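S.K.: I would like the atomic coordinates for the input below:
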Amino acid sequence: MDPRRAQRADWYSTNHTHFDKRLNKNVFGTLSKCDHHTPPTVYQRGKRPRYITPGEAGRLQGFPPNWGKIGAISEDEFEFWRDVWNDYARIFEKRRKSDKQVRKWMSAPYSRQAEYAMWGNGVALPCVQFILDRVASVLKTGSVENGVLNF
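M.R.: Here you go, the predicted model:
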């Protein structure tokens, strides 16, 4: 896998689930849960090789940009989560978190690795929508013969 080869196309990608580490020209491979260890790599013309971002992984699965990102947190939400952490500390006889620690956790409650694992465990939203639309149309028309759905 020579990164210099990447300069012949718009971009190339690799994925560690492809055991031969082949380069895919302008096609992205399957995301998998294991990608949180080594996310898929992108080689773009004139740029350094890089891993895809969790946001790009989400878009590959058909989700809108910034889906699942946490925005500004209200004071009510902060109080709720502070109470949750206080209850946790009391139940498990742990040390209580300071307000600063709770705010820091709320700004990024999960790791980048957890985000890669989430996208790798998911299914592409357009595929699910296609299948459910077909099932709904079959159920609506009643087109089932001998236990077989006729699309």
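S.K.: got the contact list for residue 39?
M.R.: Contact analysis of residue 39 by CB atoms under 8 Å, 6 or more residues apart in numbering lists 51-52, 57, 116. C-beta coordinates here come from the backbone N, C-alpha and C atoms, glycine included.
S.K.: Turn those into a markdown table, including neighbour count.
M.R.: Below are the contacts of residue 39 laid out as a markdown table (neighbours: other CB atoms under 10 Å):
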| residue | neighbour count |
| --- | --- |
| 51 | 15 |
| 52 | 21 |
| 57 | 23 |
| 116 | 25 |
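S.K.: Just the ones in strands from the residues you listed, please.
M.R.: The members of the contacts of residue 39 that map onto strands under DSSP state E are residue 51.
S.K.: got the contacts of residue 39 as JSON lines, with pLDDT columns?
M.R.: Formatted as JSON lines, the contacts of residue 39 follow (pLDDT from 0 to 100):
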{"residue": "51", "pLDDT": "80"}
{"residue": "52", "pLDDT": "81"}
{"residue": "57", "pLDDT": "83"}
{"residue": "116", "pLDDT": "80"}
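S.K.: ok, the contacts of residue 39 vs residue 98, which is closest?
M.R.: residue 116 (29.7 Å; CB to CB).
S.K.: can you tell me how far the closest one sits from residue 123?
M.R.: Separation of residue 116 from residue 123 (CB to CB, to the nearest Å): 15 Å.
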